[in-house]
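> no sequence for this one, just the structure:
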């Protein structure tokens, strides 16, 4: 991984960079260019969760734009919002590419390590909670009435969300949205890693 990666977000009108995100192992710096707003720095060890999505901006009769957003939360509960909106298709492809790049770098620099740490807890046979799920050695539980053993658990993955459910009873399920639920992407990856580990051990 590089010492730092810089991602710039162009403004809607001029196309010049409006925001700059600098990713380093020490943390994330967010700058609003051509603005008197102070830069924001989030230390890597403080970064705790994120969520992301694209929402439609509706006019009277049809969609007039799309809002790309990414939200970060630190260990103190502070939320940092990164968002940009395209109208009538202008900069839509550019913003989609930048949005995807930011998510990729967040994963590479900060969240891959968090996911790996949770995976190590499972391998050590520890019971722990993560992203609304209680991880047990023999399965997962999300309330007193819903527990799935690993051999019962199935994942259904979609573009904006995923579900965990009983492989023979889809009505026993819990859904997670990447836009609404903190660390849904990490939870999905963690479950996939554990399922793969169990299958490889069989």
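Looks like it arrived, so ask away. Quick caveat, the model's predicted, so the values are computed rather than measured.

> alpha carbons only for contacts and neighbour counts from here, please
Fine.

> which residues touch residue 119?
Contacts for residue 119 (CA atoms under 8 Å, 6 or more residues apart in numbering) come out as 190, 193-194.

> which of these count as buried?
Buried members of the contacts of residue 119, counted by 16 or more other CA atoms under 10 Å: 190, 194.

> export the contacts of residue 119 as CSV, with columns for pLDDT, distance to residue 118 and secondary structure.
Converted to CSV, those look like this (pLDDT from 0 to 100; distance: CA to CA, whole Å; DSSP: H, G, I helix; E, B strand; the rest coil):
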residue, pLDDT, distance to residue 118, secondary structure
190, 98, 7, helix
193, 96, 10, helix
194, 96, 10, helix
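
> are we agreed that residue 21 is in a helix?
No - membership of residue 21 in a helix is not supported by DSSP: H, G, I helix; E, B strand; the rest coil, which gives strand.

> for the helix or strand where residue 191 lies, packing partners?
Using DSSP states H and E, residue 191 sits within helix 184-201. Contacts defined by 3 or more CA pairs under 8 Å, 6 or more residues apart in numbering; DSSP states H and E place helix 184-201 against helix 112-123.

> the next helix or strand after the helix it packs on: which residues count as buried?
On the C-terminal side of helix 112-123, the nearest following helix or strand under DSSP H and E is strand 128-130. Residues of strand 128-130 include none that count as buried (16+ other CA under 10 Å).

> now the most centrally placed residue in the chain, what's its secondary structure?
Nearest to the mean C-alpha position of the chain, by CA atoms, centre = their mean, lies residue 51 at 4.1 Å. For residue 51, the secondary-structure state derived from three-state DSSP is strand.

> residues contacting it?
Applying CA under 8 Å, 6+ apart, we find residue 51 in contact with 70-72, 178-185.

> next one: residue 57
Contacts of residue 57 (CA under 8 Å, 6+ apart): 63-67.

> for residue 25, same thing?
Taking CA under 8 Å, 6+ apart, one finds 3-4, 44, 109-110 in contact with residue 25.

> swap in residue 21?
6-8, 28-31.

> quick one: which of those is most hemmed in?
Neighbour tally across the contacts of residue 21 (other CA atoms under 10 Å): the maximum, 22 neighbours, falls on residue 28.

> my guess is it contacts residue 41, does it?
Yes - with contact defined as CA atoms under 8 Å, residue 28 counts as touching residue 41 (5.6 Å).
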